[in-house]
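K.L.:
no sequence for this one, just the structure:
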């Protein structure tokens, strides 16, 4: 089998055979196929796409480029959640313990944030001592014993994806639905899960800018999951606005704890309950959304959800006293109020501008080797639909100094659009697509 | 300017700016842009194509990646010919001296053959002592003093093309009309020519398999040439049959000498006269084909054409006694007659099979570092439209032994299709496209 023939097959828009795909992924992982040939093939795929059959084999080959976790010794249906990422998305941190508290084991392997604010791992690391670098053995042990564990990507999980992603990053082929979908699913399937709930975000603050694209990605993710015989559902959710009120690592962790305490913001709580309900349904703990939601609400009311969080923090080496004393989370030395320049109604708060402002004060990283400041970020006081009067507080910038503070402040201000009339209401959850 | 943005522009089928193209070609030539990024861009170009404006800048950048010859000190309009290559194509060897004998300077820089039989350089090297590795200074001097010179590609002529071609060869992007056209034209324009006649071959024995493709390539080549303010014409000629009767380096050189002596095969002579007439017209030596043809025929009859060949061979260090004694050209130790298995009319002689058979006995090279045997090849006795009786001689295989002789013999036999009825006549010259 010649790699040149494989490249030319896709170049002319034809379908790759399973043998061709496996030959490429194995050869590229092993270093037998050079980057320039991989780049040519990946560009042809980015332009011509892949059929569901090709994509299924492509993902399966990537998944088998490393080790695949075996969670079969753990009783129950193991269900994870994955979000395509948005500004203020701290859902995993409250969702995982809530679902685990209801008896569905949650094995969650997350990524770090790049570009915007931090990822789930960065937010968890805002908890003093919390260790996300556990071995896969310990990961499996904790999922078995306490019902959940949250760690970072390990080297031996879908290494082909890591190599391919680095190549895509420098060859203009990141934006490709089949390549994005196979990248996500190869890592998730390598966790050894039985079910997966996907949160595909759409809007200004998301990777997918249009509902059409988001829907296509959701359908592609489900198609791959179903072909791999997993239970998969996908939510399409709005990311035109910041999720919740906090942006920044410790601030977001605190907000997630609020949800577990039953006093979180409405949007974060609602989305956590919706996603959690679907996880309970896939996990066989409820027949429908209403029943599932009752179980989850009970977990909050009874305190079992927040207690599961305490168990998790203790098990992963963190200081669980942050649960009762959230002030123990890192706090910025300075807080600046951003005041409204006029009276009116907030029409929109641009989530990308908020994310950029957060990054300017150190909440995110531009390159993977950059370090982040867990304490800094932005608290959004006034959100879309809110009335505001001149000089009323719109937001708070939490910072520890630095040359970009003034620019960050201006950027937060610029994120706000204020007008006389009222904006239309738009739903947080746009659609739910089920894999069967 | 970011290379990733350049790649993504073409990935999404948009038009590259002149700055983007120059940035890429310069950066890639200098080694600042890695192969994998070049491979991604080239694949996107192979799929989406280039506009005439893009192609013009692309070619110009490649041409200026090395030195551009300055022939302005030589009086007259300098005209070259380029063929896209076919089986038995020895036209350059008789055409160049014939045109030079008529007063049009011919600066010809040729390539070596790869895949099929040898290229023009290999055929010339069949003449004992003939040196195709002259310096560009000597090349310019000879074009000035004797009116022509035939040498090989030098390192400093369009080096970007050489680098890019190697990459295309391993990334499935050789077959791309804009990339083929810019590769040809960047090298030809670097010769410092004023005019160019192109022979775009189409058919089983050519790179372009359909007339539509050939026409597109011809138009693209002309477009580039005209934008570079050169006089350009393109012939589209048939390559469904071997050109002439000889395939193999010394055999073809001998046949080219026959043309100059006025006793060449009808098809080779006719194509040489047609292409030569166009070169005289572009060179300002005749107003129309009829007048030009008369000048060329007179050059053959008067012996000035063959005497120009003698001067060329002497000037490039070859043994010009081959002109009067062609038996001094290398000859194979064995000649095998291939006999007709039946009586009938020759419907076709597959040029690719003939080329493969010639390669089996050593007339071509598979890799650029392979050496070739100048003496071996195939003489086609019976061609398309010829009547043949059982056991009559179809062809002669010239070989010097080796393990593939039997297979070569079978391949020559398999190239023949013999039938009871008569095939349709098809023209050698399909069309002529002029650049103005």
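P.N.:
Everything's here; your move. Not measured: the values here are computed from a predicted model.
K.L.:
what about chain A, any weak spots by pLDDT?
P.N.:
Along chain A, the model assigns pLDDT under 70 to residues A:113-116.
K.L.:
repeat that for 90
P.N.:
A:1-2, A:85, A:110-119, A:153-157, A:205, A:207, A:364-371, A:420-426, A:436 (pLDDT under 90).
K.L.:
name the element residue A:200 belongs to?
P.N.:
Assigned by DSSP states H and E, residue A:200 belongs to strand A:195-202.
K.L.:
So which bits of that strand are buried?
P.N.:
Using 16 or more other C-beta atoms under 10 Å in any protein chain shown as the test for burial, strand A:195-202 gives A:195-202. The C-beta positions use only the backbone N, C-alpha and C, and glycine is treated the same way.
K.L.:
just stretch A:119-134 next, same as before
P.N.:
So for stretch A:119-134, counting by 16+ other C-beta under 10 Å, buried means A:119-128, A:130, A:132, A:134.
K.L.:
same check, this time on stretch A:427-436
P.N.:
Quick answer for stretch A:427-436 (16+ other C-beta under 10 Å): A:428, A:430, A:432-433, A:435.
K.L.:
Stretch A:56-73 now?
P.N.:
Buried-residue list, stretch A:56-73, by 16+ other C-beta under 10 Å: A:56-67, A:69, A:71.
K.L.:
Kindly indicate which of the residues you listed lies nearest chain B.
P.N.:
The nearest member of the buried residues of stretch A:56-73 to chain B, counting by C-beta to the nearest C-beta, is residue A:58 at 17.5 Å.
K.L.:
Figure out how far the helix or strand hosting that closest one is from the centre of its chain.
P.N.:
Per DSSP H and E: residue A:58 is located in helix A:52-63. In terms of C-alpha atoms, centre = their mean, to the nearest Å, the centre of helix A:52-63 is found 22 Å from the chain centre.
K.L.:
Report all helices and strands that that helix contacts.
P.N.:
With contacts defined as 3 or more C-beta pairs under 8 Å, 6 or more residues apart in numbering or on different chains; DSSP states H and E, helix A:52-63 has these neighbours: helix A:18-30, helix A:159-170, helix A:177-189, helix A:211-227.
K.L.:
ok, back up a step: format the buried residues of stretch A:427-436 as JSON lines; extra columns: distance to residue A:79.
P.N.:
Below are the buried residues of stretch A:427-436 laid out as JSON lines (distance: C-beta to C-beta, whole Å):
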{"residue": "A:428", "distance to residue A:79": "22"}
{"residue": "A:430", "distance to residue A:79": "22"}
{"residue": "A:432", "distance to residue A:79": "15"}
{"residue": "A:433", "distance to residue A:79": "16"}
{"residue": "A:435", "distance to residue A:79": "12"}
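K.L.:
For the spatially most central residue of chain A, which non-adjacent residue is spatially closest?
P.N.:
The centre of chain A sits closest to residue A:83, judged by C-alpha atoms, centre = their mean, with a distance of 3.4 Å. In this structure, residue A:83 finds its nearest non-sequential neighbour in residue A:199, 4.0 Å apart by C-beta to C-beta, 6 or more residues apart in numbering or on different chains.
K.L.:
Name all residues that make contact with that neighbour.
P.N.:
By C-beta atoms under 8 Å, 6 or more residues apart in numbering or on different chains, the contact list for residue A:199 reads A:81-84, A:89, A:91, A:234-235, A:237, A:271, A:275.
K.L.:
With chain B as the reference, measure out to the closest residue to residue A:15 other than its chain neighbours.
P.N.:
Of all residues not flanking residue A:15 in the chain, residue A:51 sits nearest, at 5.6 Å (C-beta to C-beta, 6+ apart). According to C-beta to the nearest C-beta, to the nearest Å, residue A:51 and chain B sit 17 Å apart.
K.L.:
What of residue A:400?
P.N.:
Counting by C-beta to the nearest C-beta, the gap from residue A:400 to chain B is 31 Å.
K.L.:
Kindly report the same for residue A:256.
P.N.:
Applying C-beta to the nearest C-beta to residue A:256 and chain B gives a distance of 35 Å.
K.L.:
Help me confirm that that residue is found in a helix?
P.N.:
Yes. With DSSP: H, G, I helix; E, B strand; the rest coil as the criterion, residue A:256 is part of a helix.
K.L.:
Excluding covalently adjacent residues, which one is nearest to it?
P.N.:
residue A:93 (3.7 Å).
K.L.:
OK, contacts around residue A:16?
P.N.:
Applying C-beta under 8 Å, 6+ apart to residue A:16 gives the contacts A:6, A:9-10, A:24, A:50, A:54.
K.L.:
typed the wrong thing, it's residue A:307
P.N.:
Here residue A:307 is in contact with residue A:101 (C-beta under 8 Å, 6+ apart).
K.L.:
same question, residue A:6
P.N.:
Counted by C-beta under 8 Å, 6+ apart, residue A:6 has contacts A:16, A:20, A:23-24, A:41.
K.L.:
among those, who's most crowded?
P.N.:
Top of these by neighbour number is residue A:41, holding 30 neighbours under the definition other C-beta atoms under 10 Å in any protein chain shown.
K.L.:
and that residue, how far is that from chain B?
P.N.:
Relative to chain B, and taking C-beta to the nearest C-beta, residue A:41 is found at 8 Å.
K.L.:
what about the helices in the stretch 301-436 of chain A?
P.N.:
A:304-315, A:351-360, A:405-415 (DSSP state H, counting those that start in this stretch).
K.L.:
rewinding a little: greatest separation within the contacts of residue A:199: which pair is it?
P.N.:
Maximum pairwise distance in the contacts of residue A:199, criterion C-beta to C-beta, is 15.4 Å, between A:89 and A:234.
K.L.:
Look at the two and report which has more neighbours.
P.N.:
residue A:89 (30 against 27).
K.L.:
hang on, that one packs against residue A:242?
P.N.:
No. When contacts are counted by C-beta atoms under 8 Å, residue A:89 is not listed as touching residue A:242 (9.2 Å).
K.L.:
circling back: who touches the residue nearest to residue A:256 in this structure?
P.N.:
Residue A:93 sits next to A:120, A:123-124, A:252-253, A:256-257 when contact means C-beta under 8 Å, 6+ apart.
K.L.:
Are we agreed that it is in a strand?
P.N.:
No. Under the criterion used here (three-state DSSP), residue A:93 is helix, not part of a strand.
K.L.:
any idea how far residue A:330 is from it?
P.N.:
15 Å (C-beta to C-beta, to the nearest Å).
K.L.:
circling back: among the helices of the stretch 301-436 of chain A, which is nearest residue B:369?
P.N.:
Residue B:369 lies closest, by C-beta to C-beta, to one member of those: helix A:351-360, at 53.3 Å.
K.L.:
Now tell me what touches that closest one from outside.
P.N.:
A:86-88, A:115-117, A:203-205, A:239-242, A:247-248, A:364-366, A:376-378, A:380, A:397, A:404-405, A:407-409, A:411-412, A:414-415.
K.L.:
Please check those residues and keep the buried ones.
P.N.:
Looks like the contacts of helix A:351-360 have A:86-88, A:116-117, A:203-205, A:239-242, A:247-248, A:364-365, A:376-378, A:380, A:397, A:405, A:408-409, A:411-412, A:415 buried, using 16+ other C-beta under 10 Å.
K.L.:
tell me which parts of chain A are close to chain B?
P.N.:
A:4-5, A:7-8, A:11, A:34-40, A:42-44, A:46-48, A:167, A:170-173 (C-beta under 8 Å from any C-beta of the partner chain).
K.L.:
related to what we said a few turns ago, hey, which of the helices of the stretch 301-436 of chain A is tucked in deepest?
P.N.:
Mean neighbour count (mean count of other C-beta atoms under 10 Å in any protein chain shown) peaks for helix A:351-360 among the helices of the stretch 301-436 of chain A, with a mean of 25.
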